[in-house]
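A.B. asks: Coordinates for the following, if possible.
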Amino acid sequence: MDPVDALRAMGGSARHKEIAGVVSRRALDRACAEGRVRRSGRTYVALGAAEDRVMATRFRAVRSHRTAAAHHRLALPPGSDDETDLTVPYKARRTKIPEGVDLHYRDLPDHAVDGDVTTLVQTVVDCLRDEPLRTALSVGDSALAEGKLTRADLREYAARLRGPGSARVRERIELLDGRAANAFESCARAILIEAGLTGFEPQQTVRHRGVFIGRVDLAHRRLRIVIECDGFEHHSERDRWTQDLLRHTSLVAAGWRPLRVTWEQVMFSPGWVLERVVETITGQVGDRARFTAQRRCRAESAAA
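C.D. replies: Predicted coordinates:
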């Protein structure tokens, strides 16, 4: 796992204990030496490449979408820094666009721009309108989780939108959940939502007969299914490993069906993750639901 990808998934920075589960110390040290990551005590910060500002100046453009999200320290899935997102006026003509630059054509009002980058709220709205759902949820969830924006702020801003994609923005605002801990959980939820599987809520407390079992990453209380996103915690210590097994066993004994998925599976094998969830659901809800869910599963796997 690339250190910059992991850090951006956690909003741009993280303490060593938070990132140690997915990135080796050697990889972190190398990223620091290359200038892609800065270390301050036990905290690591992903640094944005200056190239995006160079391109913004060259094309008389505004940094937007994923590039602006990285600037505002919002969580992003891996691969989001592969291209520089820039927005130019709708009727602008730009030639000789290099590989790695993604131009968006849109007339932005003055209040949507701060210097050479879109404002926080405009950035979130752009991602909700134009990006894949996993990116849209990662960006929007983190903005809510960190208190940088509220759902009311987004609703008010989106109410004034017109044109293509406006309805999608308003629909996706209602899908955001500030309880998501990182882009890992947001991307896992996106897999389910795109397949029409709703009801999975992030960071849920589970108790059995009044006894606390644990706080799980995603839970569907009616179906009693738990999805644990493994990867942002260090599991090699024996005490932690024992505690993990105890919680898993307690969930099963309490009537829950826990699934555990890794960072790599969620980010790079979404079809496989969906299949496992569908198989778990269809074992509970009957033949008709099984047929419908498996059809959704095949479509998602083909798209992935």
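A.B. asks: just the strands in the stretch 51-200 of the chain please.
C.D. replies: Using DSSP state E, counting those that start in this stretch, the strands assigned to the stretch 51-200 of the chain run over residues 62-63, 84-88, 101-105, 113-114, 117-118.
A.B. asks: In a markdown table, list the ones you listed along with mean neighbour count.
C.D. replies: For the C-beta atoms, the positions are set from N, CA and C on the backbone; glycine is no exception. Converted to a markdown table, these look like this (neighbours: other C-beta atoms under 10 Å):
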| stretch | mean neighbour count |
| --- | --- |
| strand 62-63 | 24 |
| strand 84-88 | 25 |
| strand 101-105 | 16 |
| strand 113-114 | 16 |
| strand 117-118 | 24 |
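A.B. asks: what would those look like in TSV with distance to residue 200 and mean pLDDT?
C.D. replies: Formatted as TSV, these follow (distance: least, C-beta to C-beta, whole Å; pLDDT from 0 to 100):
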stretch	distance to residue 200	mean pLDDT
strand 62-63	33	96
strand 84-88	29	96
strand 101-105	31	95
strand 113-114	35	96
strand 117-118	31	97
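A.B. asks: How is this structure divided into domains?
C.D. replies: Following automatic domain parsing, the chain resolves into domains at 1-47, 48-173, 183-303.
A.B. asks: Figure out how far the longest one is from the centre of its chain.
C.D. replies: Spelled out, it's domain 48-173. For domain 48-173, the distance from its own C-alpha centre to the chain's C-alpha centre is 15 Å (C-alpha atoms, centre = their mean, to the nearest Å).
A.B. asks: so where's the protein uncertain?
C.D. replies: Along the chain, segments meeting pLDDT under 70 span 11, 48-50, 80-81, 231-238, 284-304.
A.B. asks: Surely residue 8 is within a helix?
C.D. replies: Yes: looking at residue 8 with DSSP: H, G, I helix; E, B strand; the rest coil, it is inside a helix.
A.B. asks: I'd like the strands of the stretch 51-200 of the chain as TSV, with distance to residue 280 appended.
C.D. replies: Supplementary listing: the strands of the stretch 51-200 of the chain in TSV, determined by distance: least, C-beta to C-beta, whole Å:
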stretch	distance to residue 280
strand 62-63	42
strand 84-88	37
strand 101-105	37
strand 113-114	45
strand 117-118	40
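A.B. asks: and of those strands, who's closest to residue 227?
C.D. replies: Taking C-beta to C-beta, strand 84-88 is the member of these nearest to residue 227, at 30.3 Å.
A.B. asks: Just want the angle from the closest one to strand 101-105.
C.D. replies: With axes from the mean of the first three to the mean of the last three C-alpha atoms, to 10 degrees as the basis, strand 84-88 and strand 101-105 are set at 30 degrees to each other.
A.B. asks: hmm, back to that, closest to residue 133 out of the strands of the stretch 51-200 of the chain?
C.D. replies: Distances from residue 133 to each of those were compared using C-beta to C-beta; the minimum, 16.9 Å, belongs to strand 84-88.
A.B. asks: closest to residue 171 out of the strands of the stretch 51-200 of the chain?
C.D. replies: Each of the strands of the stretch 51-200 of the chain has some distance to residue 171 by C-beta to C-beta; the shortest is strand 101-105, at 20.0 Å.
A.B. asks: So which residues make contact with the closest one?
C.D. replies: Strand 101-105 is contacted from outside by 55, 59, 61, 64-65, 83-92, 94, 97, 126, 130, using C-beta atoms under 8 Å, 6 or more residues apart in numbering.
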